[in-house]
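K.L.:
Curious how this folds, go ahead:
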Amino acid sequence: DNIVLNTEIEFEHGGVANESGVAAGGEVILEFMYLDFLLNKHANIRVGNFLMPMGLINERHEPTLFTTVQRPDTAKYIIPTTWHESGVMVYGDIIDNLSYKVAGVSALQTRVTGSSWIRDGRGGSFKQTDPNLGVVARLDYTGVNGLLVGTSAYYAPSANKYNSETTIIDAHLDYKLSGARIYGTYAQVSRSNARDIATNAVEGAQGGYVNLSYDLLSLTSSTNSLPVFVQYESMNPEEKRVDGTSGDSTDTTTIGINYFPHEQVVLKLDYAMKSVGATDTDTASISMGFIF
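P.N.:
All right, here's what the predicted structure looks like:
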């Protein structure tokens with residue numbers, strides 16, 4: 001009764017095509033597999049490969065839990081969702097409505113530069129044969145009905161053979177009141193002694209988004225929901241390089257609507273207006289999502 005197994009094994013991007021023994025077009029991946037040893041409300045132990053407790057979406061990235069068709073870019077390039085590492089975690093409640101998580105994990109092996117310098121450093125369950133040790137911590141308050149507000153932080157050596165550390169800090173909020181909802185995350189990344197890695201290495205990044213929605217069917221007797229929403233996001237994964245240059249900032253405004261015929265099924269339609277430097281791109285998207 002006090003030992004719980006959680007696991008998720010995925011067929012990504014439609015599966016795997018095998019060509020002469022080489023995988024192409026997709027992958028089969030272990031997204032997480034861990035044991036929870038439940039001791040008491042104040043201290044429990046998690047061991048295995050688990051989702052990193054950073055931001056709002058990484059631990060809860062199912063499509064029914066956020067309104068846009070695509071995850072925010074902040075949850076891709078700043079907090080590199082889906083981000084899972086191997087390690088040991090202690091978690092529980094400090095007091096009622098104030099919870100914590102602290103873990104030692106296999107560290108990111110950050111790249112030199114590029115928009116994916118953080119994302120490409122994920123180790124997952126099998127990519128790193130000689131990982132560094134990282135530390136992640138999270139604190140959440142839920143003392144007001146419908147409210148989740150908190151912060152999380154990550155600290156670890158940036159990469160093997162370099163005297164450099166990467167720090168990621170975020171603040172996150174999710175508040176629901178009647179048919180209204182506001183949620184969002186802001187995150188900053190810094191890398192110390194980046195010059196030791198390369199003369200053009202990235203040493204700072206930041207990003208954040210805020211999403212406002214209202215469920216139109218909350219005004220009726222319907223048990224379904226129909227939230228309309230607007231989301232604004234601004235992020236720069238290369239905000240500061242060692243040589244004084246920076247990458248282009250990405251600013252995106254998204255409007256859309258969701259329909260939930262069931263709490264575990266969603267149909268989504270949105271229109272995203274993205275600006276990257278001097279380039280503007282508008283994208284209309286439609287999707288369906290479910291959890292089971």
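
K.L.:
ok, for Gly247, nearest residue in space, not its chain neighbours?
P.N.:
Glu238 (3.0 Å; CB to CB, 6 or more residues apart in numbering). Using the backbone N, CA and C atoms, a C-beta is placed for each residue, glycine as well.

K.L.:
Could you give the number of residues near that neighbour?
P.N.:
21 (other CB atoms under 10 Å).

K.L.:
For it, give me its contacts.
P.N.:
Thr113, Gly114, Ser115, Trp117, Val202, Ala205, Ser246, Gly247 (CB atoms under 8 Å, 6 or more residues apart in numbering).

K.L.:
Report the mean confidence score over the host helix or strand of it.
P.N.:
Using DSSP states H and E, Glu238 sits in strand 227-241. For strand 227-241, mean pLDDT is 97.

K.L.:
What strands flank it, and is each parallel or antiparallel?
P.N.:
Applying DSSP bridges to the sheet, strand 227-241 is found paired with strand 202-215 (antiparallel), strand 250-262 (antiparallel).

K.L.:
who wins for proximity to Ile9 among those?
P.N.:
Of all the strands paired with strand 227-241, strand 250-262 sits nearest to Ile9, with 24.6 Å by CB to CB.

K.L.:
Show me how far that closest one is from its chain's centre.
P.N.:
Remark: strand 250-262 is offset 18 Å from the chain centroid, using CA atoms, centre = their mean, to the nearest Å.

K.L.:
just stretch 272-280 next, same as before
P.N.:
On the basis of CA atoms, centre = their mean, stretch 272-280 sits 22 Å off its chain's mean C-alpha point.

K.L.:
for stretch 75-86, same thing?
P.N.:
5 Å.

K.L.:
So what would you say the end-to-end distance of that stretch is?
P.N.:
Start to finish, the residues bounding stretch 75-86 are 20 Å apart (CA to CA, to the nearest Å).

K.L.:
And the contacts of that stretch?
P.N.:
31-32, 48-52, 54-58, 61, 71, 105-108, 115-116, 118-119, 121-125, 131, 134, 168, 170, 185, 187, 189, 205-207, 235, 237.

K.L.:
Only the buried subset of those, as a PyMOL command please.
P.N.:
Buried residues within these, by 16 or more other CB atoms under 10 Å, are selected in PyMOL with:
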select buried, resi 31+32+48+49+50+51+52+54+55+56+57+58+61+71+105+106+107+108+115+118+119+121+122+123+124+125+131+134+168+170+185+187+189+205+206+207+235+237
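
K.L.:
re earlier: I'd like the contacts of Glu238 laid out as TSV, including distance to Lys176.
P.N.:
Shown next, in TSV, are these (distance: CB to CB, whole Å):
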residue	distance to Lys176
Thr113	39
Gly114	37
Ser115	33
Trp117	35
Val202	36
Ala205	30
Ser246	36
Gly247	35
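
K.L.:
Quick one: buried ones out of these?
P.N.:
For the contacts of Glu238, a burial check counting by 16+ other CB under 10 Å picks out Thr113, Ser115, Trp117, Val202, Ala205, Gly247.

K.L.:
Point to the residue nearest the middle of this protein.
P.N.:
The residue lying closest to the centre of the chain (CA atoms, centre = their mean) is Asn58, at 3.1 Å.

K.L.:
Give me the nearest residue to it, chain neighbours excluded.
P.N.:
Thr81 is the one closest to Asn58 (CB to CB, 6+ apart), at 4.5 Å.

K.L.:
Ok, Gly208 next?
P.N.:
With CB to CB, 6+ apart as the criterion, Gly208 has its nearest non-adjacent residue at 3.4 Å, and that residue is Tyr186.

K.L.:
same thing with Ala205?
P.N.:
With sequence-adjacent residues excluded and distances taken as CB to CB, 6+ apart, Ala205 is closest to Val189, at 4.1 Å.
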